[in-house]
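*Asks:* Turn this into a model:
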Amino acid sequence: MSLLDDKLETFITVCEVKNFTKAGEILGLTQPAVSQHVKRLEEELGTQIFLRKKGEIVLSQEGEIALLYAKRMRALQDKMRDKIKNAKANIRKIRIGITHTQESGYMIEALSKIALGDDNINITFITDTIKNLYVMLENFELDILIIEEKPTNPDFNFMVIDTDMLMCMASSQNPIAQKPAITLNELKKQHLILRLPTSATREKFANSLEAIGESIDNFDVIIEVDSISTIKNLVKKDVGVSILSKGACMKELRKKSLVALPIENLSMTRETTIVYHKTFNHVEIIERIAAAYQEIAKQ
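*Replies:* The predicted model follows:
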C-alpha cells in the first residue's frame, strides 16, 4: 500500500505510460477515475498539468515541475520504508550512482570489497551519465555518486579521492606506441574511437580542444560508442585509438595490451569525486569507500 496521495500516484503513472487507459489498468482504476484524479490534482495545484493534444499527452511547464516533486516524494517514501526495514535487520542499503568511466576502473572492485566484507551493507549500482545521476541524487533515488567532477549544488557534500588524466590510448601493436607522447597532428592521422557526445570524457576532450582553437571535427572519428569496455577491445585490436581516462585502463596498461600517451599541448586532468546529500547520515561509508579505493589503486 502506498502512502503517496492517490492523485499523485495516478499522475506519475500516467506520465510513465503516457496513456490514461493504460495507467488505469496498472492502478486498477477505470479511465474516468484516472481522469478524475488528474482533474482534482489540477484543481488543487491551481494549474493545468497536461496539454491536451490530439493523440498524445504532453506535460505543461507546470506539469514538469509537479512531476519532478511527485517523483521526489515517492522516492522519499521508498527510502523511508527501506530505512525502517533495514533498521530492524541492521542492514544499510546504499544506492550508488557511477559513471561508465568509474565502472571501468578500480571503483567497482573497491565497492565489492566493502560489500563482501560487511554482511550489514547491501550496495545497488546504477550506471549513467553525470547529468542523469545528479537528477537521481536530487530526487533521493540515489544516496551517493562517484563521478569525475565537483558538484556545484550547495545541497551536496563531496570528497575528492583521486586525480586522473585523459590520455590517448593505443594498441601496443600500433607504431605510435613506441613514442613518449603524441602530437595533435599525429592524432589527426589516426582513426579515433570516442565516447558519445553526452559523456563527460567526450565533453572534456572537446572543451580542451576548443580552448586551443581546435575541434573534434578536424579528427577522423570512425566509431562512437558509450561502452568503455567495447572501446578498449577495439583499441586493443588496433582498429583505432581513443581518448580515455588512464584510471579506467589500468588493467590493460599493466598487461601492456594498451599504451597511454600524453597529448602534447593538451592537458586533461580531472578528479574522482564522491558526492552525497548533506542529509546522508552514513559518512563513515564515504570514508570506507575512499580507503578501499586507494588501497586497491596502490596494488
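
*Asks:* is it fair to say residue 51 lies in a strand?
*Replies:* Yes: assessed by DSSP: H, G, I helix; E, B strand; the rest coil, residue 51 belongs to a strand.

*Asks:* Residue 74 contacts residue 15, doesn't it?
*Replies:* No: Residue 74 lies out of contact with residue 15 (C-beta atoms under 8 Å); the separation is 11.6 Å. Glycine gets a C-beta too; all of them are placed from N, C-alpha and C.

*Asks:* Give me the below-cutoff pLDDT ranges for this protein.
*Replies:* Within the chain, the stretches with pLDDT under 70 are 1-4, 55, 86-91.

*Asks:* Swap in 50 and give it another go.
*Replies:* The chain contains residues with pLDDT under 50 at 1.

*Asks:* So for it, the centremost residue is which one?
*Replies:* residue 128 (3.0 Å; C-alpha atoms, centre = their mean).

*Asks:* Could you report the distance from it to residue 100?
*Replies:* From residue 128 across to residue 100, the span is 8 Å (C-beta to C-beta, to the nearest Å).

*Asks:* Likewise for residue 38?
*Replies:* Residue 38 is 38 Å from residue 100, where distance means C-beta to C-beta.

*Asks:* Longest strand of this protein, counting residues only.
*Replies:* Across the chain, the strand with the greatest residue count (assigned by DSSP state E) is strand 156-171.

*Asks:* in the helix or strand that it is followed by, what counts as buried?
*Replies:* Downstream of strand 156-171, the next assigned helix or strand under DSSP states H and E is helix 184-188. Residues of helix 184-188 classed as buried: 186-187 (neighbour count, 16 or more other C-beta atoms under 10 Å).

*Asks:* and the next element down the chain from helix 184-188?
*Replies:* Past helix 184-188, the next helix or strand by DSSP H and E is strand 191-194.

*Asks:* Now do that following strand: which elements does it pack against?
*Replies:* The contact analysis (3 or more C-beta pairs under 8 Å, 6 or more residues apart in numbering; DSSP states H and E) places strand 191-194 against strand 220-224, helix 228-236, strand 242-245.

*Asks:* unless I'm mixing things up, residue 232 is touching residue 253, no?
*Replies:* No: contact criterion C-beta under 8 Å: residue 232 and residue 253 do not qualify, at 10.4 Å.

*Asks:* Which of those two has more residues huddled nearby?
*Replies:* residue 232 (22 against 16; other C-beta atoms under 10 Å).

*Asks:* I'd like the helices and strands packed on strand 191-194 laid out as JSON lines, including distance to residue 268.
*Replies:* Listed next are these as JSON lines, based on distance: least, C-beta to C-beta, whole Å:
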{"stretch": "strand 220-224", "distance to residue 268": "17"}
{"stretch": "helix 228-236", "distance to residue 268": "16"}
{"stretch": "strand 242-245", "distance to residue 268": "8"}
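
*Asks:* among these, which is the most enclosed?
*Replies:* Per residue and on average, the most neighbours among the helices and strands packed on strand 191-194 fall to strand 242-245, with a mean of 26 (mean count of other C-beta atoms under 10 Å).

*Asks:* what are the pairing partners of it, and which direction each?
*Replies:* Here strand 242-245 has these sheet partners by DSSP bridges: strand 156-171 (antiparallel).

*Asks:* and the angle from the strand it pairs with to helix 228-236?
*Replies:* Counting by axes from the mean of the first three to the mean of the last three C-alpha atoms, to 10 degrees, strand 156-171 points 20 degrees away from the direction of helix 228-236.

*Asks:* buried ones in strand 156-171?
*Replies:* Those would be 156, 158, 161-162, 164, 166-171, for strand 156-171 by 16+ other C-beta under 10 Å.

*Asks:* Just give me the closest of these to residue 209.
*Replies:* residue 166 (11.4 Å; C-beta to C-beta).

*Asks:* tell me the contacts of the closest one?
*Replies:* Contacts for residue 166 were tallied using C-beta atoms under 8 Å, 6 or more residues apart in numbering; they are 201, 204-205, 208, 243-246, 268, 270.

*Asks:* try 6 Å
*Replies:* 204, 243, 245, 268 (C-beta atoms under 6 Å, 6 or more residues apart in numbering).

*Asks:* what about the nearest residue to the last one once chain neighbours are set aside, distance to residue 129?
*Replies:* Read that as residue 268. Distance criterion C-beta to C-beta, 6 or more residues apart in numbering; nearest residue to residue 268, sequence neighbours excluded, is residue 166 at 3.7 Å. As judged by C-beta to C-beta, residue 166 and residue 129 stand 16 Å apart.

*Asks:* do the same with residue 116
*Replies:* From residue 116 over to residue 129 (counting by C-beta to C-beta), the distance is 28 Å.
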